[in-house]
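*Asks:* need a structure here:
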Amino acid sequence: MTADIDNIPVLNISLDEGLLLITTTITYRIYDNGSTTSYFGNALNLTKFPISNTKNKFTVVGCNAIGVIGGSQGQRYTTGCLSLCDSITDVVDGSCSGVGCCQTIIPKNAKSYDIYLNKYYDDEYASVSKFNNRSYGFVVGDGFYTFNSSHLKNLTKTSFPMFIDWSIGDQTCNEAKKNQSSYACKDYSNCSDSQNGPGYLCHCLEGFKGNPYLQNGCIDINECETGSHQCSNFTCHNYPGGYNCSCPTGYVGDGWNNGTSCRLNRNSKRFLVVAVVLGISISLLVLLLLVSWLQIGLRQRKLNKLREKFFEQNGGSLLRRELSRCKLSKEIAQIFTEEDLKKATDNYHDSRILGRGGQGIVYKGILQNQGLVAIKKSSRIGDERQVEEFINEVIVVSQINHRNVVKLLGCCLETEVPLLVYEFVTNGTLFHHIHNVEDNNNSPLLPWETRFKIVTETAGALSYLHSAASIPIIHRDIKSANILLEDDYTAKIADFGASRLIPHDQTELVTLVQGTLGYMDPEYLQTSQLTDKSDVYSFGVILVELLTGKKAFSFRNPEDLRNLAIYFVSAIKEDRLVEILDHRVVNASNIEQVKEVAMLARGCVRVKGEERPSMKEVAYKLEGLRVKGDHDHPPWVACDLYPEETERFIKPANGGDHGDAGSTSSSRTTGYSVMSSMEIKAGR
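*Replies:* Numbers count the residues shown, from 1 in each chain. As a prediction, this is how the structure comes out:
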């Protein structure tokens, strides 16, 4: 056992949990003017002992820092996290949620690791170098590290405690029992299988405590002395491994609380006293029941008032006034009750969950009149302005009557957080049909004709939202995972949780940056100014996904292939378009149309928003291609923008090449895990 951890200090051994507490050194990288001046890497290889996956966290400290931990010595696993911050004021002491510090768990049965650190954005160095010019990565046991903002300047500790699991041998518990000569569990003990790797652990039997690996190591617990017994306040008799209960003279029964207990013998003189006491007790019980009944009534009244409070807090009265003022039918934005939606979702049972995301949880529900619906449990509404914006969005989105937009049926406002009810779409997401076909034999490969139909319908819907809706709507999170498909592959734009309404007298909004890595408009990412051209960029990335069959962003790819938009622009500039197309769907009969769509996609993913087409122009171009009546290139499809221009805005710094980030939300002040994603089942 010691040969496996030579030269590694052991701080503690836990017999009950099967844990060793050891010390490991940290990995760090120091920068000067954006370049690495000092780097110390730490690797660990334990041939026998797995690193505890329940008692440790992989931790990264730094601003603009990405940390990746992966297996070595033949072990294959990779995970990591991303830590961002623009200012020292953004950092919260004691929090490792992605701002200055991030954490993630260690995979099960990992016996080795290498840690890799790098910057995420080269351009961010100057803004954070005054308070952070270094990054750290380490594995630490739970409870042994608390983040502090001073660690961004200098983390004085060079090592931290870490838990590793240990067990006896490599046999299961049942196998080990067959050979008593080598069986490690001694008298009054039993074994259980290790939960992290092979082998078993020993435990003292119930009623005993001590060291199960030593002869006579498990000693009896005297329950009668400790008070941890079930005797009914009468006589307790201890014996090795347990105890018995009995009744004193004048009483009959077994003495156990969960048995017949002890009761006074009717022939005893004390019976009359007990009868009087019993009568008083029954009277008190009746009084208690009466008080309880009154409390239930008061509680129900309080619950009704609480529902009324939530209804007002979530803008219920405002919604009713707006419906009346606009002379709209309640059928347009129906207000559901809490009981209706509880019944529709089996009280929000886990089996009804369709997906989870930053905007809430989506459940599959069955309503009596509407049939199948998708019910979204939204995040909490905050101040009065947010309530007004939420109600305004409910009214406007519920009035959208476009066949390619998921229809909002109504909402429930009498709960602590508002609930939104949408129509149910049955055939999953476009992302699933593009990227998960190989994992699911029941999902056929989408032919080019179907892909073209989907993007044409999506473009028409976005054009409607931008130009024809009563108040223009910017979706802000257009991606293949937010395009749902009917059984006939009719496209439906979904998830308006991040959307913003744009008044007619405005062309842009300044917002906290929100979106998905790989789809986010680089100009919006830099300026925080949201325009309808931000949706155009995201739609362009979807076009590239359909053309190439590749994901919008993936850390698993080599560095120059991670961002699909950059790779696509480079391929067009180098006249390699045909090489990167999805050859499973491209053929001689559709190659010309495919090239036209590629040139359109090129225009959509321009770095400058003013150089991109509008969604109305995009929809017009696609419709023209559909009827084969438009073969002219508008000026915004010329290939005169170098890929380096795009890279300057949206290419991450050199980092690990592990994991996908295709469904990760981000902001300028909030870090995010590069490994996180939300898979949505069929339907929404």
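*Asks:* Now do the strands in the stretch 251-400 of the chain.
*Replies:* With DSSP state E, counting those that start in this stretch, the ranges of strands along the stretch 251-400 of the chain come out as 251-252, 263-264, 334-335, 353-357, 360-367, 371-378.
*Asks:* And the stretch 501-650 of the chain, by the same measure?
*Replies:* 509-510, 529-530.
*Asks:* Least confident of those strands, on average?
*Replies:* Ranked by mean pLDDT, the strands of the stretch 501-650 of the chain bottom out at strand 509-510, with a mean of 63.
*Asks:* Give me the distance from the longest helix seen in the chain to the chain's centre.
*Replies:* Ranked by residue count and defined by DSSP state H, the top helix of the chain is helix 271-313. Remark: helix 271-313 is offset 42 Å from the chain centroid, using CA atoms, centre = their mean, to the nearest Å.
*Asks:* what packs against that helix?
*Replies:* Counting contacts by 3 or more CB pairs under 8 Å, 6 or more residues apart in numbering; DSSP states H and E, helix 271-313 is packed against strand 263-264. C-beta: built from backbone N, CA, C; applies to glycine.
*Asks:* what mean pLDDT would you report for the strand it packs on?
*Replies:* Regarding strand 263-264, the rounded mean pLDDT is 76.
*Asks:* before we move on, what about stretch 436-451?
*Replies:* What stretch 436-451 shows for mean pLDDT is 75.
*Asks:* swap in stretch 551-566?
*Replies:* In the prediction, stretch 551-566 has an average pLDDT of 84.
*Asks:* Off-centre distance for that stretch?
*Replies:* With CA atoms, centre = their mean, you get 22 Å for stretch 551-566.
*Asks:* got it, and stretch 206-225?
*Replies:* 44 Å.
*Asks:* now the stretch 351-500 of the chain, which segments are flagged as low pLDDT?
*Replies:* Where the stretch 351-500 of the chain drops to pLDDT under 70, the residues are 357-359, 379-389, 392-393, 437-443, 497.
*Asks:* Let me see the ranges of the helices in it.
*Replies:* With helices called from DSSP state H, counting those that start in this stretch, the stretch 351-500 of the chain shows them at 384-399, 430-435, 448-463.
*Asks:* any chance of the ones you listed in JSON lines, with mean neighbour count and distance to K595 too?
*Replies:* JSON lines is the format used below for those (neighbours: other CB atoms under 10 Å; distance: least, CB to CB, whole Å):
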{"stretch": "helix 384-399", "mean neighbour count": "18", "distance to K595": "36"}
{"stretch": "helix 430-435", "mean neighbour count": "22", "distance to K595": "20"}
{"stretch": "helix 448-463", "mean neighbour count": "22", "distance to K595": "12"}
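*Asks:* out of those, which comes closest to F58?
*Replies:* Nearest of these to F58, taken as CB to CB: helix 430-435 at 26.8 Å.
*Asks:* Can you check which of the strands of the stretch 251-400 of the chain gets nearest to F424?
*Replies:* Evaluated with CB to CB, the strands of the stretch 251-400 of the chain place strand 371-378 nearest to F424, the distance being 3.9 Å.
*Asks:* packing partners for that closest one?
*Replies:* So strand 371-378, by 3+ CB pairs under 8 Å, 6+ apart, packs with helix 338-344, strand 360-367, strand 419-423.
*Asks:* now these as TSV including mean neighbour count and distance to W448?
*Replies:* Converted to TSV, those look like this (neighbours: other CB under 10 Å; distance: least, CB to CB, whole Å):
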stretch	mean neighbour count	distance to W448
helix 338-344	17	39
strand 360-367	21	30
strand 419-423	23	28
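*Asks:* of all those, which lies closest to N148?
*Replies:* In terms of CB to CB, the element of the helices and strands packed on strand 371-378 nearest to N148 is strand 360-367, at 32.7 Å.
*Asks:* got a list of contacts for the closest one?
*Replies:* Residues outside strand 360-367 that contact it (CB atoms under 8 Å, 6 or more residues apart in numbering): 336, 340-341, 344-345, 348, 352-356, 372-379, 417, 421, 424, 497, 680, 683-684.
*Asks:* and it, which strands flank it?
*Replies:* Within its sheet, strand 360-367 is paired with strand 353-357 (antiparallel), strand 371-378 (antiparallel), according to DSSP bridges.
*Asks:* With just CA atoms, put the shortest one into CSV.
*Replies:* The one in question is strand 353-357. What follows is strand 353-357 as a C-alpha-only set of coordinates in CSV (Å, rounded to 0.1, in the frame of the first residue of the first chain):
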residue,chain,number,x,y,z
ILE,A,353,-38.9,16.9,-17.4
LEU,A,354,-38.1,17.7,-21.0
GLY,A,355,-35.1,19.9,-20.4
ARG,A,356,-33.2,22.2,-18.0
GLY,A,357,-31.5,25.5,-18.7
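*Asks:* Determine how far that strand lies from the middle of the whole chain.
*Replies:* On CA atoms, centre = their mean, the centre of strand 353-357 falls 10 Å from the chain's centre.
*Asks:* Adding distance to I69, write the helices of the stretch 351-500 of the chain out as JSON lines.
*Replies:* Below are the helices of the stretch 351-500 of the chain laid out as JSON lines (distance: least, CB to CB, whole Å):
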{"stretch": "helix 384-399", "distance to I69": "39"}
{"stretch": "helix 430-435", "distance to I69": "25"}
{"stretch": "helix 448-463", "distance to I69": "38"}
